[in-house]
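Participant: A structural model of the following input is requested.
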Amino acid sequence: MSVALDSGRRRSALGGSATISDVAEAAGVSRQTVSNVLNAPHRVRPATRERVEQVVAELGYHPNRVARSLRASSPGMVGYRIHPVSTESVAAIHDRFLHALVEAGQAGNHHVMLFTAADTDDEGDRCVALCRTGAVSGVVLYDIAPQDSRPDRLLAAKVPFIAFGRTAVGTDRYSWVDIDNSAGTEAAVDHLVAAGHQRIGFLGWPEGSSVGDARARGWLAAMDRHGLLARSHRLDVRGPDSMSAGTRLMAELLSRPEPPSAVVAATDTLAVGALHALRDSGLRAGHDVAVTGFDDTAAATALGLSSVRQPIEEVGRLIMAALLGVTTGRADVEPFHRVLEPELVVRTSS
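Facilitator: Numbers count the residues shown, from 1 in each chain. Purely as a prediction, here's the structure:
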């Protein structure tokens, strides 16, 4: 039996390393079938095996030995880029998510392969390379920006993936799990209003972040719903997500002719900085000025900081379960979408 390869594909194979995806496409079979031909030929019908073997020979495909050894030690590998943590941050949300992802993966006989990347473009390239060499069967994306290029990059390369977060547009084309960040800051405002506060400030990130923008919208929506936006519109201040920025922004608010009696911070990192500013001004959190954070970090527990807690463990479980679906190669698997509600944990700071 002969298999005709178009000259363009032949030249591509000769000019660069052929991948298991190239072999599968040329032979008209799945990547799993190619893998079975190479590793468990007795599972494949003779005619199919012969066709795949001919394509392997013509393309000069050489299996990635490192990837094969990884697959031999684990039935499923999932790629994930680890992110550096700033010394100016108290955030542990990334660590919690990674732990939840690994735990959920082990329950489903999948394991997580960690890698680093210089930026999101580099991350996209590495995801494609890892998948094409067979080192991973899919990847998880984290910290999605409104105009993030990674989903389109991986969709075009046919790399199975799930995102924690979502872009501003095109979210129907890929699978994602997200937190209702707006609902989290709305809950914080509702709590402060119930405690009698009317001048409620907001410490947030500069515009352009999916998470930061959503948390800002929550503050705006709740303040407007309570009829407090007009008297608080000058109390919305933004800066980088660092403790020093939180201290500076809070000091700026305290210097206003009519300072806030309460502040909603977009992260625990900014909130801890705000607590430092209160201390430096001789004020007490929860007595003179109420403060809430977001992410419910270990620092929030230690400092008595009220904070919005994300259901990260559920996020990890849902992402791993959905990834098992998209890595099967089934054409009938629909994109998976889920938004989870966060919960405000009230402590002495508010």
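Participant: going forward, measure contacts and count neighbours with C-alpha atoms only.
Facilitator: OK.
Participant: W176 and I162 touch, don't they?
Facilitator: Yes. W176 lies in contact with I162 (Cα atoms under 8 Å); the separation is 5.4 Å.
Participant: hey, what's in contact with both of those two?
Facilitator: I319 (Cα atoms under 8 Å, 6 or more residues apart in numbering).
Participant: so how far is T297 from the residue most central in space within the chain?
Facilitator: Nearest to the mean C-alpha position of the chain, by Cα atoms, centre = their mean, lies Y142 at 2.1 Å. Y142 is 18 Å from T297, where distance means Cα to Cα, to the nearest Å.
Participant: what about the helices in the stretch 101-250 of the chain?
Facilitator: Ranges of helices within the stretch 101-250 of the chain are 120-132, 150-156, 181-194, 210-225, 229-232, 243-254, based on DSSP state H, counting those that start in this stretch.
Participant: mean pLDDT lowest for which of those helices?
Facilitator: In terms of mean pLDDT, the lowest-scoring of the helices of the stretch 101-250 of the chain is helix 229-232 (a mean of 86).
Participant: show residues contacting that helix.
Facilitator: 199-201, 220, 223.
Participant: what do you get if the cut-off is 7 Å, keeping everything else the same?
Facilitator: Surrounding helix 229-232, the residues in contact under the criterion Cα atoms under 7 Å, 6 or more residues apart in numbering are 199-201, 223.
Participant: next, the buried residues of that helix.
Facilitator: Buried residues in helix 229-232, counted by 16 or more other Cα atoms under 10 Å: 229, 232.
Participant: OK, contacts around the residue nearest to the centre of the chain?
Facilitator: Taking Cα under 7 Å, 6+ apart, we find Y142 in contact with 163-165.
Participant: tell me the pLDDT of it.
Facilitator: We have a pLDDT of 93 for Y142.
Participant: V177 versus that one, what's the distance?
Facilitator: 10 Å.
Participant: list residues touching both of these two?
Facilitator: Residues touching both Y142 and V177 (Cα under 7 Å, 6+ apart) are 163-165.
Participant: from the residues you listed, pick the one nearest V136.
Facilitator: If you rank the shared contacts of Y142 and V177 by distance to V136 using Cα to Cα, A163 comes first, at 15.9 Å.
Participant: show me what that closest one is bridged to.
Facilitator: Note on A163: beta-bridge partners L141, W176, judged by DSSP bridges.
Participant: tell me the SS of V264?
Facilitator: At V264 the chain is in strand, as set by DSSP: H, G, I helix; E, B strand; the rest coil.
Participant: thought it was touching A290?
Facilitator: No. Taking contacts as Cα atoms under 7 Å, V264 lies outside contact range of A290: 8.5 Å.
Participant: have a look at the two and say which one is more surrounded.
Facilitator: Between V264 and A290, V264 has the larger neighbour count (other Cα atoms under 10 Å), namely 31 against 23.
Participant: what distance do you get for that one to P342?
Facilitator: From V264 over to P342 (counting by Cα to Cα), the distance is 15 Å.
Participant: just L192 next, same as before
Facilitator: As for L192, its distance to P342 is 17 Å (criterion: Cα to Cα).
Participant: what of H83?
Facilitator: According to Cα to Cα, H83 and P342 sit 23 Å apart.
Participant: and if you look at E313?
Facilitator: Counting by Cα to Cα, the separation of E313 from P342 is 12 Å.
Participant: so between these two, which is more surrounded?
Facilitator: Taking neighbours as other Cα under 10 Å, E313 and P342 compare with P342 leading, 21 against 16.
Participant: in contact with the more buried one, which residues?
Facilitator: Contacts of P342 (Cα under 7 Å, 6+ apart): 179-180, 184, 308-311.
Participant: can you do 8 Å?
Facilitator: Listed by Cα under 8 Å, 6+ apart, the contact set of P342 reads 179-181, 183-184, 308-311.
Participant: now it: closest residue in space, sequence neighbours ignored.
Facilitator: Take P342 and drop its neighbours on the chain: the residue closest to it by Cα to Cα, 6 or more residues apart in numbering is Q310, 4.7 Å away.
Participant: count of neighbours near that neighbour?
Facilitator: 23.
Participant: next: L130.
Facilitator: 20.
Participant: how much space between it and G108?
Facilitator: Computed as Cα to Cα, the L130 to G108 distance reads 21 Å.
Participant: what of S244?
Facilitator: From S244 to G108 the distance is 42 Å (Cα to Cα).
Participant: the more surrounded of the two?
Facilitator: S244 (20 against 15).
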